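Asker: Generate a structure from the sequence data that follows.
(chains A and B)
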Amino acid sequence: QKEVEQDPGPLSVPEGAIVSLNCTYSNSAFQYFMWYRQYSRKGPELLMYTYSSGNKEDGRFTAQVDKSSKYISLFIRDSQPSDSATYLCAMRAGYSSASKIIFGSGTRLSIRP
Amino acid sequence: EAQVTQNPRYLITVTGKKLTVTCSQNMNHEYMSWYRQDPGLGLRQIYYSMNVEVTDKGDVPEGYKVSRKEKRNFPLILESPSPNQTSLYFCASSIIAPGRGNEQFFGPGTRLTVL
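Answerer: Numbers count the residues shown, from 1 in each chain, chains lettered A, B, ... in the order given. Presented below is the predicted three-dimensional model:
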């Protein structure tokens, strides 16, 4: 069983829709939870990160962490064609930034104009 | 501009022919790492380095070597490439600080094909 599971998609939604992306994990020691966005032919870039449980909002993006269920989500409101990309969840256990980050396999998202 | 650069971006080679993929960052980051990205498997760490002359294995180190002689450079060496090393490779860097370093800065990727 993988430490981090993520539905690969592809997920296709119309412009303006609310998008929900999710990951589950098995390691209860994970404390830091991240979402990276990867455009085609580019490297991943950090979108948001949260520490422990709770919600975090940044513009149209909201990250949620439910540690009791070992489940994290990324919501995108008013989705735009420019949001079309692969979204990777990532997480790590240690307080030190040098502790290993485990990535999900990514969900490919397409926003239809 | 703060960035991580990789070269080459695309490479087609044959089994057994030694190759090096270079990685350089201009952000004075202590931490550097190499990943490979394969469909359905996500990003898997090959090697990482926490500072000059300090390197360690990641999850899939077999068949790879690295060195960190300078802070800005972290080359990935394939001494004898095999077809199962055909993949998309990313170099990344980040700072090392308590509670920080969640943001890894990634290079543009190197697509390697081993025939």
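Asker: can you map out the strands along the chain?
Answerer: No chain in the question, so chain A it is. A:4-6, A:11-14, A:19-25, A:32-38, A:45-51, A:54-58, A:61-66, A:71-76, A:85-92, A:102-103, A:107-112 (DSSP state E).
Asker: My question was about chain B, not that one.
Answerer: Using DSSP E, strands in chain B cover B:4-7, B:10-13, B:19-25, B:31-38, B:42-51, B:54-57, B:65-66, B:76-78, B:87-94, B:105-106, B:110-114.
Asker: Pull the number of nearby residues for B:Leu115.
Answerer: Other residues lying near B:Leu115 total 10 when counted by other Cβ atoms under 10 Å in any protein chain shown. The C-beta positions use only the backbone N, C-alpha and C, and glycine is treated the same way.
Asker: got the contact list for the closest residue to it other than its chain neighbours?
Answerer: Distance criterion Cβ to Cβ, 6 or more residues apart in numbering or on different chains; nearest residue to B:Leu115, sequence neighbours excluded, is B:Val14 at 5.2 Å. By Cβ atoms under 8 Å, 6 or more residues apart in numbering or on different chains, the residues touching B:Val14 are B:81, B:114-115.
Asker: what does chain A put close to chain B?
Answerer: For chain A, the contact set with chain B under Cβ under 8 Å from any Cβ of the partner chain comprises A:4, A:6, A:8, A:32, A:34, A:41-46, A:49, A:51, A:88, A:92, A:95-98, A:100-101, A:103-106.
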